[in-house]
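Peer 1: what follows is a predicted structure for the sequence shown.
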Amino acid sequence: MKSAAAETFRPPRTPPLSALLGLLRTAWRGEGDLLSLMPAAAYRMPVGRLGYSRRTILLVNDPALVREILADDGATYPKGDLMVAALEPLVGDSIFVSSAEVWRRQRAMIDPAFSHMRLGRAFASMQSALDEVEARLDEYAASGAAFSLDLTMSHLTADIICRTVFSTSLQTSTAREVFDAFAIFERSVAQVELRRLIFDPAWTEVPQREEVLAACNRIRHHLGELVDGHAESAEGTYSDIAAAVMAARDAASGGAFTRKELIDQLGVFFLAGHETTASALTWAFFIAACHGPTRRRIREDVAALVGDAPVDFEATRRLVHVRNVFRETLRLYPPITFMPRVALGPGRIGRYKVRRGTLVMISPWALHRHQRYWRDPDLFDPDRFLPARESELTPGAYLPFGAGPRVCVGQGFAMVEAVLILARLLCRYDFEVLDPGRVRPVARLTTRPAEQIMCRVRLRG
């Protein structure tokens, strides 16, 4: 029997330094990585100043204060201006970045569309997309070719969300161009410019790079084509998210979304519906490839429940260990690394006075690794989510899907999707990471590896 020590695993992280050394490290690497800026104190303090900058950056780790801030719908603490400036070229003034009354109107109109994310309806799309990925992985296994784990997961989840939102596979030329343009956007727009973060005051205009604007224009052009295809079809042709959003009406005016607003809102579904899950799945497969006990227990969980039968919808809810592997991956590598808010006026957070323009930083990354709230916070330990250890969990210290009125409505969708993908692919294949020592996380648009994780794959048995 293996010892407990043999079962433990410490996945890669960015070692924290002092605030000044972290700033120098980030500048030297030139990656625009916010994780490199996080000082060691960020994993101990409840609330505190973060780094050296012209505008105050306040990191909030206290779960009660986090809930209070996230409960605001944007009237006091709207989303951070730097994040809004980064995302606006892609999603406009959509539900993802809007605040207060604008957000409330949009949310009321879009809520009925969420019924189209019913898991029973979407499960067939997940299975069909997985069938195509397995065919591709079979080819890699036969040839021994190396492939990017990151791109494989991004392609798979983008295919699923395309099938769910637009009733079309990613194999179509339009959907593929959207995927490729989004890869450029994700790689370029999320770079943190230290000069702006340190020296610029709040609400300073942030010009975007030409390649970012061009990528956004391509994405929005193709989303517009998909919207037009739905609009020109006979009524009842489609029963998907896009059709539901197009049918939405404002309760006060009776008006529908304009074409631009439809592209804004559906861009959010594409952005949030595939990139965040792809990020977490990349880390989950990396961990499973590097840690034998994780692979073994996932396979035992699946074998005990379904044997050689297919993993069906009901099984995804009952595969306890697979679900906990994904939950623990979300803890260590939350897809949304930071949830920035900006203070519209003076106030107080804990014992700190807050001035207008203060950047209020809520970081799931720091909160999920906080020494006060987690035992062995840097260890990969899926069993910490078992009912027998529930007393160890600090309420409000785990928020991979956010909290408050803006909590991610797709969290149930993401959990079923991830459990299905992990169960099917890890029972069918052995993944080998080619250079695991080079893997380290960075905070871009999501929590991603600094470099693509290259793998080979073998069919089991």
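Peer 2: Great, that's in hand.
Peer 1: what helix or strand is the one residue sitting closest to the centre of the chain on?
Peer 2: For the chain, the residue nearest the mean C-alpha position is Thr276 (2.2 Å; CA atoms, centre = their mean). Assigned by DSSP states H and E, Thr276 belongs to helix 276-290.
Peer 1: need the next SSE after that helix, C-terminal direction.
Peer 2: Toward the C-terminus, helix 276-290 is succeeded by helix 292-306 as the next helix or strand (DSSP H and E).
Peer 1: and that next one, which residues are buried?
Peer 2: Thr294, Arg295, Arg297, Ile298, Arg299, Asp301, Val302, Leu305, Val306 (16 or more other CB atoms under 10 Å). Bear in mind the C-beta positions are built from the backbone N, C-alpha and C, glycine included.
Peer 1: that one - contacts with which helices or strands?
Peer 2: helix 276-290, helix 313-318, helix 320-332, helix 411-428 (3 or more CB pairs under 8 Å, 6 or more residues apart in numbering; DSSP states H and E).
Peer 1: hang on, the earlier thing: now render the buried residues of helix 292-306 as a markdown table, adding pLDDT.
Peer 2: What follows is the buried residues of helix 292-306, written out as a markdown table (pLDDT from 0 to 100):
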| residue | pLDDT |
| --- | --- |
| Thr294 | 97 |
| Arg295 | 96 |
| Arg297 | 97 |
| Ile298 | 97 |
| Arg299 | 97 |
| Asp301 | 97 |
| Val302 | 97 |
| Leu305 | 96 |
| Val306 | 95 |
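Peer 1: and which of the residues you listed is nearest to Arg317?
Peer 2: The closest of these to Arg317 turns out to be Leu305 (CB to CB; 10.4 Å).
Peer 1: just to be sure, Asp430 is in a strand?
Peer 2: Yes: looking at Asp430 with DSSP: H, G, I helix; E, B strand; the rest coil, it is inside a strand.
Peer 1: identify the residue nearest it in space, chain neighbours excluded?
Peer 2: For Asp430, ignoring the flanking residues on the chain, the nearest one in space by CB to CB, 6 or more residues apart in numbering is Arg458 at 4.7 Å.
Peer 1: coming back round to it: quick one: contacts for the residue nearest to the centre of the chain?
Peer 2: Each residue near Thr276 by CB atoms under 8 Å, 6 or more residues apart in numbering is listed here: Pro335, Ile336, Cys408, Ala414, Thr446.
Peer 1: mind doing that once more with 6 Å?
Peer 2: By CB atoms under 6 Å, 6 or more residues apart in numbering, the contact set of Thr276 is Pro335, Thr446.
Peer 1: just the one 5 residues further on next, same as before
Peer 2: By CB under 6 Å, 6+ apart, the residues touching Leu281 are Met153.
Peer 1: per-residue pLDDT of it, please?
Peer 2: Predicted confidence (pLDDT) for Leu281: 97.
Peer 1: what of Thr26?
Peer 2: 60.
Peer 1: before we move on, what about the one 3 residues further on?
Peer 2: Each residue has a pLDDT score; the one for Arg29 is 60.
Peer 1: host element of the residue nearest to Asp430?
Peer 2: Using DSSP H and E, Arg458 maps to strand 454-459.
Peer 1: give me the residues contacting the lengthiest helix in the chain.
Peer 2: Taking DSSP state H as the criterion, the chain has its longest helix at helix 119-143. Identification of contacts with helix 119-143 by CB under 6 Å, 6+ apart yields 147, 156, 159-160, 163-164, 313, 416-417, 420, 424, 457-459.
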